[in-house]
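Novice: One predicted model, sequence on top.
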Amino acid sequence: MSSNNDSCNSDELEAPQWLSAQFFTEVLDGYLKEPGLKVHKIKLSPASAKGDHYASVMFRAAVEYTTQKIGKSTISLIIKTMPEQEGHKKQLLDNSHIFKTEIAMYTEILPKFEAILREVGDETTFCVPCIYHSLQPRQVMIFEDLVTKGYVVIRNRSASIEELKSGLEKLAKWHAVSHKLLLDQPELFEKLQYDITTLPNFLEQDFMFTSLPNFIDMLGNVESLKPYQKYFESMRGKLNNRWIDIIREFRENRQQNGYYVLCHGDFHLRNMMFKGLDCMLLDFQMSYVGSMANDIIYAIYMLFGSDKLGEQSNELIYHYFKTFLETLENIGFVGKIPSLIEFRRQLFDKRYNDFFLLTTFLPAIIYMRNGEDVADIVEDTQQMSQLCYQKDLLKELEYILPRMLHLGYFEHL
């Protein structure tokens, strides 16, 4: 299997033995349903670059095959499976819900969303279809390769405003359909009872306890950021629980005025592929029912970047919410129509989500954004502490923290 070792995740450098001609014959038989199908050659390679993802292992397979009807042909497939190498990633993800969640998303939930939009003349497609899935004897999903259809992952640059609007439009339509279905057909979401906080052992990971202290120490060592140290000091011992409460709100403490939707759960740039301004969404392993504010807060820190914050973030959020309301109207929503003012209030009320993302996730996301694999350092306490001193992170904090102060985020913590 050919690859550049420096640009690929280490656990994707060697494909497992079960990715054989016999396996791909089974996959293509079920997908193409062509008599006499025979696989002749398979070329396997890593399907992603360092920093693209963490909660899975992905391979690309170029498969040459023949059938009685069409003769010789080739197809490029993406295989998504669980880690088999012993280590932190396998320990964290073994016995988790993530593949069951994603299979339900691809085979039941998102096709239902798209069908509802088709009924009102909206041809939105959220994702590439899953052509094969299995939980036994191993967890695996297979898709046709979007790269061969002209889609690319944006790397080594920020997304443009137009690209971000395209991605947020998809999310807004997804949120709108799910908002209606949560009232009309709540049983549709019964399989989605999990989220990132329910991953086995996730809440016990070292970084969950060290990230905030590391962040506070960094604030004390960077002269321009010292004034903000006292605010984060006041969060010791309560930040994680406040964040968990926000993520689990729909299941455990539903609010009468809450705007609840099916959240993507990991809505960032590497989980989108673009063909011009057409956007396909990826990776639904962390999808869950929660406040619509959660996906947008996540996008602010993981998707926008410092160059899209400020007035441009306001424009993007407005565009998202306008599309959300338009879609609700198009699909015949008859409940109480959400308002932008109330949505903005809910974004503010969930500011502990901002604080958690800022201190715990953003340093790792920036590290991955720069082409590194966080799996390589997640068990290295010293290296993890240094993530808070990344130049790109400090640049974003120079904007984010004053903005939080001016908006009242640090009052009554």
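Specialist: Everything's here; your move.
Novice: for the chain, which spans come out with low pLDDT?
Specialist: Of all residues in the chain, those with pLDDT under 70 make up the ranges 1-13, 49-55, 84-94, 305-311, 375-376, 379.
Novice: helices or strands up against the longest helix seen in it?
Specialist: Identified as the longest helix of the chain according to DSSP state H is helix 161-184. Counting contacts by 3 or more Cβ pairs under 8 Å, 6 or more residues apart in numbering; DSSP states H and E, helix 161-184 packs against helix 110-119, strand 260-263, strand 272-275, strand 278-281, helix 292-299, helix 311-330. Using the backbone N, CA and C atoms, a C-beta is placed for each residue, glycine as well.
Novice: can you tell which of the ones you listed is closest to residue 35?
Specialist: Residue 35 lies closest, by Cβ to Cβ, to one member of these: helix 110-119, at 27.3 Å.
Novice: I'd like the C-alpha coordinates of that closest one written as PDB, please.
Specialist: What follows is helix 110-119, C-alpha atoms only, in PDB (Å, rounded to 0.1, in the frame of the first residue of the first chain):
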ATOM      1  CA  LEU A 110     -30.600  11.500   6.200                       C
ATOM      2  CA  PRO A 111     -32.500   9.700   3.400                       C
ATOM      3  CA  LYS A 112     -35.700  10.600   5.300                       C
ATOM      4  CA  PHE A 113     -34.600  14.300   5.500                       C
ATOM      5  CA  GLU A 114     -33.800  14.400   1.800                       C
ATOM      6  CA  ALA A 115     -37.100  12.800   0.900                       C
ATOM      7  CA  ILE A 116     -39.000  15.400   2.900                       C
ATOM      8  CA  LEU A 117     -37.100  18.200   1.100                       C
ATOM      9  CA  ARG A 118     -37.800  16.500  -2.300                       C
ATOM     10  CA  GLU A 119     -41.500  16.600  -1.600                       C
END
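Novice: ok, then the element right after that helix?
Specialist: Moving toward the C-terminus from helix 110-119, the next helix or strand (DSSP states H and E) is strand 130-134.
Novice: how far does stretch 234-241 stretch from start to finish?
Specialist: The first and final residues of stretch 234-241 sit 14 Å from each other (Cα to Cα, to the nearest Å).
Novice: Correction: the previous question concerned stretch 262-274.
Specialist: 23 Å.
Novice: from the middle of its chain, how far away would that stretch be?
Specialist: Relative to its chain's centre, stretch 262-274 lies at 4 Å (Cα atoms, centre = their mean, to the nearest Å).
Novice: give the contact list for residue 68.
Specialist: Neighbour list for residue 68: 34, 35, 36 [criterion: Cβ atoms under 8 Å, 6 or more residues apart in numbering].
Novice: Looking at these, which is nearest residue 389?
Specialist: Nearest to residue 389 among the contacts of residue 68, counting by Cβ to Cβ, is residue 34 at 56.2 Å.
Novice: Skipping its backbone neighbours, what lies nearest that closest one in space?
Specialist: residue 67 (3.9 Å; Cβ to Cβ, 6 or more residues apart in numbering).
Novice: And for the one you found, the neighbour number?
Specialist: Neighbourhood size, residue 67 [other Cβ atoms under 10 Å]: 17.
Novice: Can you name the residues bridging to it?
Specialist: Beta-bridge pairing of residue 67 under DSSP bridges involves residue 71.
Novice: what sits against it?
Specialist: Residue 67 touches 32, 34, 35, 36, 37, 38, 73, counting by Cβ under 8 Å, 6+ apart.
Novice: Next, work out how far apart the first one and residue 134 are.
Specialist: Put plainly, it is residue 32. According to Cβ to Cβ, to the nearest Å, residue 32 stands 17 Å off from residue 134.
Novice: So residue 299 sits against residue 168, correct?
Specialist: Yes - Residue 299 lies in contact with residue 168 (Cβ atoms under 8 Å); the separation is 7.3 Å.
Novice: Give me the distance between the two termini of stretch 333-351.
Specialist: Termini of stretch 333-351 sit 29 Å apart (Cα to Cα).
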